[in-house]
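[1] model the following, please.
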Amino acid sequence: MAHDFDVVIIGGGILGTSLSYFLSSLNKSKKIAVIEQAHTVAFHTSGRNTGKVHAPYLYNPEKKKLFAKSAFHGYGMWEEYSKLKDLPFKKDGVIEVAMDEKGTKVLEKYLKWGKHNGLEDNDIELIDKEQIKKIEPEIKCESALCVYRDASTDYSILTNSIMKDSKEKGTNFLLDTKATKIKKENDKWIITLNNEHEINAKFLINAAGGEAIDIAHNVDVAKKFTDVHFRGEYWKAPKEYNKLTKSSVYSVPEFPDYPFLDPHWIIRVDGSCEIGPNAVPVFSPYGYDAAENIKEFIPKMLEMLNSGARKAVFDKQFQELAMNEIQSSMSKTTMVNRVKKFLPKIDADKITKKGTAGIRSSIIDDKGKFAPDVILIENEMSFHVLNYNSPGATGALPFAAHIVNHLNKAGLFSNEEEDAVCGPWKFSEIIEKLQ
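    Predicted coordinates for the structure are as follows:
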């Protein structure tokens, strides 16, 4: 294994892998490595989601302009890439339902946001309860936002394909490898791998998802932030429900300032259906089971109590919401009943198998507030991507291109291939669409 790299990316999720793809396309003489502690890319959050390619109707066009644009163009890029590589991509749409007049007002806002973010009249429409009955007779609601420019895929498959492309361009993927120590010495990073070997890097990109804030803290960055982790759980529906609806069904979130989502009715790319996710507080970015959470409970609680997260933990509304999510984890019926409100035909007794859980890590600032958007922090020798959550997978390709373009403009790389062809796209055209 080579020991000296120009760029090391920590994190082989969908963003880190996409970053390596564009970096290797534009800087062919640079030695690039991706460090991923799992045995494959997209093993954690990137591959443990609903597989939705989201239309950008949930994102305020003023406050989340880049995220909204990334989601809009990400849809087209994933569609084109999937077609080129013969990978799963199914245009199946999504329906957001409102159960009362207050929810309908939210849908009206989402309609405006969606159109402002690029959706056209034939991509999105708001209909009443009589109209939805004609389209989806099993849905019960007051109104519904039908979003037709929405799709399903398998992000694990997509990320593995991007990894293969990146490897062909010269990127080294160090799988089953954990960055156990990072220190800066003589204008370079010395990174210890698995407590054994060392590699050197001129520049470090932190795209480590659930561990991104820990890595940032290790190199004295983003000290005012901390993170909290939420496990999203799913229940698999029996095959007899596979044709219950034609589209996935979401409901208007009751508390949008918190990372708690009412479970959705999900149709996956293979046609199977699930209920989920909830958002159960856990103590580790890998807290899928009790053993891991018990091991990390004390250090995580101490970290939270000595940071801005303390204010969130002792907030009464947060505590109530957290207890509701814990209850939904302990009681299948509680979770299913949330979906039963708009799909009354569902029988909890017929749902017996759990799906694959995933974990989302959310950032809390020093005032105890959840960060509403992605946080990008850079200095002379490193770049950190924090709080990269939904629609992170949808927008990963254009968002990664944006970061690489920013680093090139900052003079960190040499712009060797400014108008490089990256798969089916020209890099310059991707950037132009994000302006």
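[2] what's the pLDDT at D262?
    D262 carries a pLDDT score of 76 in this model.
[3] that one against V249, yeah?
    No - using CB atoms under 8 Å, D262 is not in contact with V249, being 10.8 Å away. In short, each C-beta sits where N, CA and C put it, glycine included.
[4] helices or strands up against the helix of greatest length in the chain?
    In the chain, taking DSSP state H as the definition, the longest helix is helix 65-85. Secondary-structure packing of helix 65-85 (3 or more CB pairs under 8 Å, 6 or more residues apart in numbering; DSSP states H and E): strand 52-53, strand 89-91, strand 151-153, helix 155-168, helix 396-409, helix 427-434.
[5] keeping just the C-alphas, turn the last one into PDB.
    Yep, that's helix 427-434 we're talking about. Output in PDB follows, covering the C-alpha atoms of helix 427-434 (Å, rounded to 0.1, in the frame of the first residue of the first chain):
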ATOM      1  CA  PHE A 427     -18.100  18.800 -15.000                       C
ATOM      2  CA  SER A 428     -18.500  22.400 -16.000                       C
ATOM      3  CA  GLU A 429     -22.100  21.800 -16.900                       C
ATOM      4  CA  ILE A 430     -22.900  20.300 -13.500                       C
ATOM      5  CA  ILE A 431     -21.500  23.400 -11.800                       C
ATOM      6  CA  GLU A 432     -23.300  25.800 -14.100                       C
ATOM      7  CA  LYS A 433     -26.700  24.200 -13.200                       C
ATOM      8  CA  LEU A 434     -25.900  24.800  -9.500                       C
END
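[6] tell me the mean pLDDT for that helix?
    On average, helix 427-434 scores 92.
[7] number the residues from 46 up from this point.
    Okay, residue one is now 46; in that scheme the one you just asked about reads as helix 472-479.
[8] returning to what we had before: identify whichever of the helices and strands packed on helix 110-130 lies nearest to I311.
    strand 97-98 (7.8 Å; CB to CB).
[9] who's in contact with that closest one?
    Residues outside strand 97-98 that contact it (CB atoms under 8 Å, 6 or more residues apart in numbering): 119-120, 123-124, 134, 139, 195-198, 293, 311, 438-439.
[10] could you do stretch 170-182 as well?
    140, 142, 152-153, 156, 184-191, 290-292, 294.
[11] for it, what is the average pLDDT?
    On average, stretch 170-182 scores 97.
[12] just the endpoints, please. Distance across it?
    17 Å (CA to CA, to the nearest Å).
[13] mind listing what's buried in it?
    L171, I172, I177, E181 (16 or more other CB atoms under 10 Å).
[14] just the contacts of stretch 170-182: which are in strands?
    Filtering these for membership in strands, criterion DSSP state E, returns I140, V142, S188, A189, L190, C191, V294.
[15] are any of those buried, and if so which?
    Of the ones in strands among the contacts of stretch 170-182, these count as buried by 16+ other CB under 10 Å: I140, V142, S188, A189, L190, C191, V294.
[16] among these, which pair sits farthest apart?
    S188 and V294, at 13.0 Å, using CB to CB across these.
[17] quick one, which of the helices and strands packed on helix 110-130 is packed in tightest?
    strand 97-98 (a mean of 26; mean count of other CB atoms under 10 Å).
[18] put the alpha carbons of the helix or strand hosting L60 into PDB.
    Element membership of L60, judged by DSSP states H and E, is helix 59-71. The C-alpha trace of helix 59-71 is given here as PDB (Å, rounded to 0.1, in the frame of the first residue of the first chain):
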ATOM      1  CA  ILE A  59     -22.400   8.100  -0.900                       C
ATOM      2  CA  LEU A  60     -20.900  11.600  -0.500                       C
ATOM      3  CA  GLY A  61     -17.300  10.500   0.200                       C
ATOM      4  CA  THR A  62     -17.400   8.100  -2.800                       C
ATOM      5  CA  SER A  63     -18.900  10.700  -5.000                       C
ATOM      6  CA  LEU A  64     -16.200  13.200  -3.900                       C
ATOM      7  CA  SER A  65     -13.500  10.700  -4.900                       C
ATOM      8  CA  TYR A  66     -15.100  10.200  -8.300                       C
ATOM      9  CA  PHE A  67     -15.100  13.900  -9.200                       C
ATOM     10  CA  LEU A  68     -11.700  14.600  -7.600                       C
ATOM     11  CA  SER A  69     -10.100  11.700  -9.600                       C
ATOM     12  CA  SER A  70     -11.800  12.900 -12.800                       C
ATOM     13  CA  LEU A  71     -10.400  16.500 -12.500                       C
END
